[in-house]
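>>> for reference, the sequence and a predicted model appear below.
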Protein chains: 2
Amino acid sequence: MSDPFVVVGGDAAGMSAASKAKREDPDREVIVFEKGEWVSYAACGMPYYVKGEVEELDDLVAVTAEEFRDERDVDLRTGHEVVEVDTDAETVTVETDDGESIEQAYGDLLVGTGASAIEPPFDGLDLTGVFTIHDMDEADAIESYVAEHDPETAAIVGGGYVGVEMAEALDARGLDVSMYEMLPRTLQPFGEETARTVEDHLRDQGVELHLETAVQGFDGDVSVETVRYKTDDGGEDEAAADLVIVGVGVAPNAALAEEAGIELGPTGAIATDDYGRTLDAADGSTLEHVYAAGDCAEADNVVTGEPDHVPLALTANRAGRAIGATVGGDPTQTGGTAGTAIVKAFDLGAARTGIVDEEVAREAGFDPVSVTIDAPTRPHYYPGGVKLSVTLVADADSGRVLGASVVGRDGVKRIDTVATAITGEFTVAELQNADLAYAPPFSPVWDPILTAAKVLRGRMEDD
Amino acid sequence: MSDPFVVVGGDAAGMSAASKAKREDPDREVIVFEKGEWVSYAACGMPYYVKGEVEELDDLVAVTAEEFRDERDVDLRTGHEVVEVDTDAETVTVETDDGESIEQAYGDLLVGTGASAIEPPFDGLDLTGVFTIHDMDEADAIESYVAEHDPETAAIVGGGYVGVEMAEALDARGLDVSMYEMLPRTLQPFGEETARTVEDHLRDQGVELHLETAVQGFDGDVSVETVRYKTDDGGEDEAAADLVIVGVGVAPNAALAEEAGIELGPTGAIATDDYGRTLDAADGSTLEHVYAAGDCAEADNVVTGEPDHVPLALTANRAGRAIGATVGGDPTQTGGTAGTAIVKAFDLGAARTGIVDEEVAREAGFDPVSVTIDAPTRPHYYPGGVKLSVTLVADADSGRVLGASVVGRDGVKRIDTVATAITGEFTVAELQNADLAYAPPFSPVWDPILTAAKVLRGRMEDD
């Protein structure tokens, strides 16, 4: 009997791996150590809990701890924090909530420690009413704060997708929302065209946007009252804010692995091979029985072929599941990432895949060419169509599709067509020839994605 | 100055080719002969005109005859029927509505003669109130008949997508609708699982379904009053029907080409090469300047690699446009077909791509394996999700995705993901690793297409 499969972290990657390993090899002991109490929850649903569309926080839990234990026979131990990994002895050291210390041997190990919200060096981060939003307890705390303190003004620091989703949520709760973004635009990875459309829509919805604005800190007595930021002329200004959400991104929780001598990649997340196995930092050799997956780990970008850190749910679930299969005796590659993402911003949807930004494409060694087209989601004569803007980016040398971004009130899941084409390394001509579905209630004859490909191809030939 | 580019037929393929050729080479003379009066119309929109959702028949015209003539400088001649093609002399003979006969030399020729509705040998086809629906005049006639004669019962003969769309349209106009299908199921190319779901929904909507029922004919005095059909015991029965739509499929209009010595393919449509060029039936040599496209022509099936006849709008538009580019000096392949189709049936959508039927897959030399899964279009906690059924078919030997069918109240455009994967010759494992977009308002973490791939892959490994 081999030593157990030990999983560090009970969220998407960890629980997917544990469940799959147990299904593949029911006799194998599977132990999951989770330092908190929540397992297998949909972090992406948290803004909708704050908004009030999801009634109970528990609704976001895909599979409960009891179900993992009773139905899936996973030895799930919440309140257990792994504080050390010894890859030579093949053991982990665990501290429990009640101060106990345990040493546990493993046959295979998965590091699924996730990521944490970045906390920039702002003054006043510890004032009441200042939150990040990266776990269920924080979502709970924000919801309670809104319900109990009835704040009137919210400052959201960071214009990424979490910021945009929280703007919608807090607006729905009746707050006046301001958003502060240090860069010249929101939704950085979605490209300029899509970001501008979303920004116009946010302003239409009453969100006060401060772009290229560096927040300095938060002031107040016990609770936050104002947000302080740099002005164009180098001075400082402040604005009322009795609720603050800091959403400036996440950083991989890679310290446990790093301290164990596991190699981190160029992004600062844990380096992995095609099967999610980690490497020994000392000599670069593969640690055959030590895997990493989810928000703490890298995945290969399917466009560049280079390691990337895209902390998104599907990547984590898929890699976890693949590692569970591998550990259970069915070697399975974890798959790459195209960085596909989709976000709802009030009445708009925005989505992106691959490389959208021409600057980023050039840095990756491509010669990017792109178009942005507006096309209807249905023929002009059929009711219910809306305008979809599609930005499509390709490499002028090879003709290969590099990425896309779409934005509109409907139909943004069409990004999946481009994500699939990218995985298949399609040229623009091949994408243009994809046989997509047409009937008036669903699409014009030329789907907007095909129209974008058609126009981009025309431009590439003219050059 | 080369002889003009002559186009036979002014619909999707023909007008796309004419417009594109003129854009590529504005000095080239482009002449289109169209025997009717309607050009460049959306045949797929006709059921929605009958239904009343499209107000004017003219709304279905994408580009008017005047626009082609004045803005695009295309010499469009309606009421001109090409009655003979001489590929040696490189001329066509044209008869005009007023009995004139013209001979016209061509430098390049496109045969875009379309398809016609099949009229089975039913008694009473010429009774008033019996219609096929394949052109604008018929759509107009049906709409007028409903408006003026106020029929109460409709019999639809044929359970293909036109039949299903007309059932919805006539139900909306207040008629009691019965549908007669000779085969054991409707929507044959959509596979059994999807067809059964649609059939249940049709019955829920009050459509009386007669499967495996051979219609014999129609009876009435001047106007149709009843439909007569064979019963299970070999006898005959009849049912009231004061409006009849015969929609049992279309046949390519290939006679003009055949009489000119142009080769027809195994499907009975005009054979073409990768650029849409036709072949000499006498010796199989390529007719360099004679093209065919649209509903009269074959296209290569991307799954089988064999010639196929899929008379759908996108195939016609794309091939026409490619031929226009080629003729204009930019050689462009017409692209294959995956047979992707999508249909609205009352509140349901159904879509298909590739090979769905296992029998058809076996005939094409594959060893098919398939699954049907039900999955939600959104996470359980987010409002507005519906059940989507996905049937995914693969070849057990190669692992290659062969086809799919989906049915549900929303989200059926997801078929495009599989259509794209088929074009890229993805295996099921590759499809499972496609990085599709996830956020709660748009999809569960595992998109239903990915779930189907996951389950099918599991099944393939177990075998």
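Perfect, I can see it now.

>>> and residue A:400, bridged to which residues?
Applying DSSP bridges to residue A:400 gives these bridge partners: residue A:427.

>>> any idea how far residue A:447 is from it?
Going from residue A:400 to residue A:447 by Cβ to Cβ, to the nearest Å gives 20 Å. The C-beta positions use only the backbone N, C-alpha and C, and glycine is treated the same way.

>>> could you do residue A:125 as well?
Taken as Cβ to Cβ, the span from residue A:125 to residue A:447 is 47 Å.

>>> please say which of those two ends up with more neighbours.
Shown here are residue A:125 and residue A:447; by other Cβ atoms under 10 Å in any protein chain shown, residue A:447 has more neighbours (25 against 16).

>>> quick one, what contacts that one?
The contact partners of residue A:447, by Cβ atoms under 8 Å, 6 or more residues apart in numbering or on different chains, come to A:414, A:417, A:436-438, B:416.

>>> mind checking pLDDT for it?
Residue A:447 is assigned 98 on the pLDDT scale.

>>> same check on residue A:234?
On pLDDT, residue A:234 comes in at 85.

>>> host element of it?
Assigned by DSSP states H and E, residue A:234 falls within no helix or strand.

>>> angles on the backbone of it, please.
Note on residue A:234: backbone dihedrals following degrees, to the nearest 10 are phi 90, psi -10.

>>> rewinding a little: and the contacts of residue A:447 as TSV, adding pLDDT, distance to residue A:216 and neighbour count?
Below are those laid out as TSV (pLDDT from 0 to 100; distance: Cβ to Cβ, whole Å; neighbours: other Cβ atoms under 10 Å in any protein chain shown):
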residue	pLDDT	distance to residue A:216	neighbour count
A:414	98	41	28
A:417	98	44	29
A:436	98	49	27
A:437	98	52	26
A:438	97	53	24
B:416	98	47	28
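
>>> nearest to residue B:207, of these?
residue A:437 (23.4 Å; Cβ to Cβ).

>>> quick one: contacts for residue A:95?
Contact analysis of residue A:95 by Cβ under 8 Å, 6+ apart lists A:80-81, A:83, A:101-102.

>>> can you give me the helices in the stretch 251-400 of chain A?
A:255-259, A:313-327, A:358-363 (DSSP state H, counting those that start in this stretch).

>>> tell me what the last one is packed against?
The helices and strands touching helix A:358-363, judged by 3 or more Cβ pairs under 8 Å, 6 or more residues apart in numbering or on different chains; DSSP states H and E, are strand A:368-376, strand A:387-395.

>>> in TSV, list those strands along with distance to chain B.
As requested, the helices and strands packed on helix A:358-363 are exported to TSV (distance: least, Cβ to the nearest Cβ, whole Å):
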stretch	distance to chain B
strand A:368-376	12
strand A:387-395	12
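
>>> hang on, the earlier thing: so which of the helices of the stretch 251-400 of chain A is the most surrounded?
By mean neighbour count, with neighbours taken as mean count of other Cβ atoms under 10 Å in any protein chain shown, helix A:313-327 ranks first of the helices of the stretch 251-400 of chain A at a mean of 28.

>>> now for whatever residue of chain A ends up closest to chain B: which residues touch it?
Proximity of chain A to chain B (Cβ to the nearest Cβ) peaks at residue A:424, 3.0 Å away. Counting by Cβ under 8 Å, 6+ apart, residue A:424 makes contact with B:420-421, B:423-426, B:430.

>>> repeat the analysis, applying 7 Å as the threshold.
Going by Cβ atoms under 7 Å, 6 or more residues apart in numbering or on different chains, residue A:424 touches B:424, B:426.

>>> try the one 4 residues further on
Counting by Cβ under 7 Å, 6+ apart, residue A:428 makes contact with A:394, A:399, A:401, A:453, A:456-457, A:460.

>>> can you rerun that using 10 Å?
Residue A:428 makes contact with A:369, A:371, A:392-396, A:398-402, A:421, A:452-460 under the criterion Cβ atoms under 10 Å, 6 or more residues apart in numbering or on different chains.

>>> with residue A:251 instead?
Contact analysis of residue A:251 by Cβ under 10 Å, 6+ apart lists A:115-119, A:267-269, A:295-296, A:309, A:311.

>>> how about the residues of the stretch 151-300 of chain A near chain B?
Taking Cβ under 10 Å from any Cβ of the partner chain as the contact definition, the stretch 151-300 of chain A meets chain B at A:161, A:165, A:168, A:299.

>>> the second one belongs to a strand?
No - Residue A:165 sits outside any strand when classified using DSSP: H, G, I helix; E, B strand; the rest coil, being helix.

>>> walk me through the domains of chain A.
As given by automatic domain parsing, the domain ranges for chain A are A:5-115+A:251-327, A:119-248, A:349-462.

>>> distance between the ends of the last one?
Between the opening and closing residues of domain A:349-462 lies a distance of 32 Å (Cα to Cα, to the nearest Å).

>>> ok, back up a step: looking at the residues of the stretch 151-300 of chain A next to chain B, which two lie furthest apart in space?
Farthest pair in these, by Cβ to Cβ: A:168 and A:299, 28.5 Å.

>>> the two: who's more crowded?
For residue A:168 versus residue A:299, neighbours defined as other Cβ under 10 Å are more numerous around residue A:299 (30 against 25).

>>> for the residue nearest to that one when sequence neighbours are not counted, give me its contacts.
Spatial nearest neighbour of residue A:299, excluding adjacent residues (Cβ to Cβ, 6 or more residues apart in numbering or on different chains): residue A:337 at 4.4 Å. Residue A:337 makes contact with A:298-303, A:307-312, A:314-315, A:318-319, A:353-354, A:419, A:423, B:433, B:435, according to Cβ under 10 Å, 6+ apart.

>>> low-confidence ranges in chain A?
A:1, A:463 (pLDDT under 70).

>>> nearest residue to the middle of it?
residue A:312 (3.1 Å; Cα atoms, centre = their mean).

>>> what helix or strand is residue A:415 on?
Per DSSP H and E: residue A:415 is located in helix A:415-423.

>>> so after the host helix or strand of residue A:22, what's the next helix or strand?
Assigned by DSSP H and E, residue A:22 belongs to helix A:12-24. Heading C-terminal from helix A:12-24, the first helix or strand you meet, by DSSP H and E, is strand A:30-34.

>>> given that next one, what are its sheet partners and their directions?
Paired strands of strand A:30-34, with direction, are strand A:5-8 (parallel), strand A:75-78 (parallel) (DSSP bridges).

>>> export these as a markdown table, with columns for distance to residue B:198.
Shown next, in a markdown table, are these (distance: least, Cβ to Cβ, whole Å):
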| stretch | distance to residue B:198 |
| --- | --- |
| strand A:5-8 | 44 |
| strand A:75-78 | 43 |
